[in-house]
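# Just the structure for this:
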Amino acid sequence: QVQLVESGGGLVQPGGSLRLSCAASGFTFSGYVMSWYGQAPGKERELVATITTRGVGTNYADSVKGRFTISRDNAKNTVYLQMNSLKPDGTAVYYCHTRSAWGNTYWGQGTQVTVSS
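Residues are numbered from 1 along each chain as shown. The predicted structure follows:
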(Lines give C-alpha, C1' and ligand atoms only; values in the text may rest on other atoms or scores of the structure.)
Protein backbone atom coordinates (compact mmCIF):
# COMPACT_ATOMS: atom_id res chain seq x y z
CA GLN A 1 0.00 0.00 0.00
CA VAL A 2 1.01 3.63 -0.37
CA GLN A 3 3.24 4.86 2.43
CA LEU A 4 4.71 8.29 2.98
CA VAL A 5 7.09 8.63 5.90
CA GLU A 6 8.37 12.06 6.87
CA SER A 7 11.47 12.76 8.92
CA GLY A 8 13.81 15.60 9.73
CA GLY A 9 11.64 17.79 11.91
CA GLY A 10 12.76 19.25 15.21
CA LEU A 11 13.42 22.38 17.22
CA VAL A 12 15.34 25.16 15.49
CA GLN A 13 16.08 28.76 16.35
CA PRO A 14 14.72 31.59 14.23
CA GLY A 15 16.94 32.04 11.20
CA GLY A 16 17.99 28.41 11.27
CA SER A 17 17.56 25.64 8.72
CA LEU A 18 16.08 22.16 8.53
CA ARG A 19 15.75 19.61 5.77
CA LEU A 20 12.67 17.44 5.77
CA SER A 21 12.54 14.12 3.94
CA CYS A 22 9.63 12.02 2.81
CA ALA A 23 10.31 8.41 1.87
CA ALA A 24 7.65 6.97 -0.41
CA SER A 25 6.71 3.38 -1.14
CA GLY A 26 3.89 1.33 -2.59
CA PHE A 27 3.52 3.28 -5.83
CA THR A 28 5.53 4.41 -8.85
CA PHE A 29 7.03 7.47 -7.21
CA SER A 30 8.51 8.95 -10.38
CA GLY A 31 5.06 9.25 -11.90
CA TYR A 32 3.51 11.34 -9.14
CA VAL A 33 3.51 15.03 -8.35
CA MET A 34 4.58 15.47 -4.72
CA SER A 35 3.77 18.23 -2.27
CA TRP A 36 4.52 19.45 1.22
CA TYR A 37 1.81 20.95 3.41
CA GLY A 38 2.11 22.67 6.75
CA GLN A 39 -0.44 22.87 9.55
CA ALA A 40 0.24 25.45 12.22
CA PRO A 41 -1.43 25.13 15.64
CA GLY A 42 -5.10 26.02 15.40
CA LYS A 43 -4.97 26.57 11.64
CA GLU A 44 -5.91 24.65 8.53
CA ARG A 45 -3.41 22.61 6.58
CA GLU A 46 -1.89 24.73 3.83
CA LEU A 47 0.10 23.96 0.71
CA VAL A 48 3.77 24.90 1.10
CA ALA A 49 5.42 23.54 -2.05
CA THR A 50 4.83 21.22 -5.01
CA ILE A 51 7.20 19.50 -7.40
CA THR A 52 6.44 17.85 -10.73
CA THR A 53 7.26 14.25 -11.58
CA ARG A 54 10.74 14.88 -12.95
CA GLY A 55 11.46 17.75 -10.63
CA VAL A 56 11.57 20.32 -13.40
CA GLY A 57 8.65 22.38 -12.15
CA THR A 58 8.11 23.70 -8.64
CA ASN A 59 5.60 25.97 -6.94
CA TYR A 60 5.72 27.64 -3.55
CA ALA A 61 3.44 29.46 -1.19
CA ASP A 62 4.24 33.17 -1.23
CA SER A 63 5.21 33.01 2.43
CA VAL A 64 8.13 30.63 1.76
CA LYS A 65 9.39 31.76 -1.65
CA GLY A 66 13.11 32.35 -1.60
CA ARG A 67 13.56 30.49 1.68
CA PHE A 68 12.27 26.94 1.05
CA THR A 69 13.30 24.57 -1.72
CA ILE A 70 11.48 21.39 -2.70
CA SER A 71 13.39 18.68 -4.52
CA ARG A 72 13.14 14.99 -5.24
CA ASP A 73 15.32 11.98 -5.93
CA ASN A 74 13.34 9.51 -8.01
CA ALA A 75 16.06 6.88 -7.62
CA LYS A 76 15.54 6.99 -3.85
CA ASN A 77 11.76 7.52 -3.92
CA THR A 78 12.24 10.54 -1.70
CA VAL A 79 11.08 14.14 -1.74
CA TYR A 80 12.78 16.83 0.32
CA LEU A 81 11.98 20.24 1.71
CA GLN A 82 14.97 22.43 2.50
CA MET A 83 13.82 25.13 4.90
CA ASN A 84 16.12 28.12 5.39
CA SER A 85 15.72 31.37 7.32
CA LEU A 86 13.00 29.82 9.42
CA LYS A 87 10.63 32.12 11.25
CA PRO A 88 8.50 31.43 14.36
CA ASP A 89 5.41 31.32 12.13
CA GLY A 90 6.99 28.34 10.42
CA THR A 91 6.14 26.27 13.49
CA ALA A 92 3.85 23.56 12.18
CA VAL A 93 3.43 19.91 11.46
CA TYR A 94 4.66 19.31 7.91
CA TYR A 95 3.02 16.63 5.83
CA CYS A 96 4.05 14.92 2.63
CA HIS A 97 1.23 14.51 0.10
CA THR A 98 0.47 12.97 -3.24
CA ARG A 99 -2.59 12.26 -5.32
CA SER A 100 -3.26 9.45 -7.76
CA ALA A 101 -4.64 9.90 -11.26
CA TRP A 102 -7.93 8.55 -9.90
CA GLY A 103 -8.15 11.25 -7.25
CA ASN A 104 -7.05 9.24 -4.23
CA THR A 105 -5.04 11.36 -1.83
CA TYR A 106 -2.29 10.13 0.42
CA TRP A 107 -0.71 11.75 3.46
CA GLY A 108 2.22 10.93 5.67
CA GLN A 109 1.99 11.03 9.44
CA GLY A 110 3.67 14.42 9.61
CA THR A 111 6.82 15.76 11.22
CA GLN A 112 6.83 18.55 13.79
CA VAL A 113 8.90 21.67 13.16
CA THR A 114 9.20 24.15 16.01
CA VAL A 115 10.91 27.48 15.45
CA SER A 116 11.73 29.08 18.76
CA SER A 117 14.56 30.68 20.67
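# Run through the strands of this protein in chain order.
In the chain, the strands defined using DSSP state E lie at 3-7, 10-12, 18-25, 34-39, 46-51, 58-60, 68-73, 78-83, 92-99, 105-107, 111-115.
# Show me what residue 78 bridges to in the sheet.
residue 23, residue 73 (DSSP bridges).
# How much space separates residue 65 from residue 107?
In this structure, residue 65 and residue 107 are 24 Å apart, going by Cβ to Cβ, to the nearest Å. C-beta: built from backbone N, CA, C; applies to glycine.
# Same drill for these two, tell me which one is more crowded.
Taking other Cβ atoms under 10 Å, residue 65 and residue 107 do not tie; residue 107 has more neighbours (14 against 10).
# And the spatially most central residue of the chain, what's its pLDDT?
The chain has residue 36 as the residue nearest its centroid, 2.8 Å off, counting by Cα atoms, centre = their mean. pLDDT recorded at residue 36 is 98.
# Would you confirm that it contacts residue 49?
Yes. Using Cβ atoms under 8 Å, residue 36 is in contact with residue 49, at 5.0 Å.
# Quickly list what's touching both of those two.
Counting by Cβ atoms under 8 Å, 6 or more residues apart in numbering, the contacts common to residue 36 and residue 49 are 70, 81.
# List the residues that contact the nearest residue to residue 81 once chain neighbours are set aside.
The shortest distance from residue 81 to any residue other than its chain neighbours is 4.3 Å, reached at residue 20 (Cβ to Cβ, 6 or more residues apart in numbering). Contact analysis of residue 20 by Cβ under 8 Å, 6+ apart lists 6-9, 36, 80-81, 83, 94, 111, 113.
# ok, back up a step: for the residue nearest to the centre of the chain, give the beta-bridge partners.
For residue 36, the beta-bridge partners are residue 49, residue 96 (DSSP bridges).
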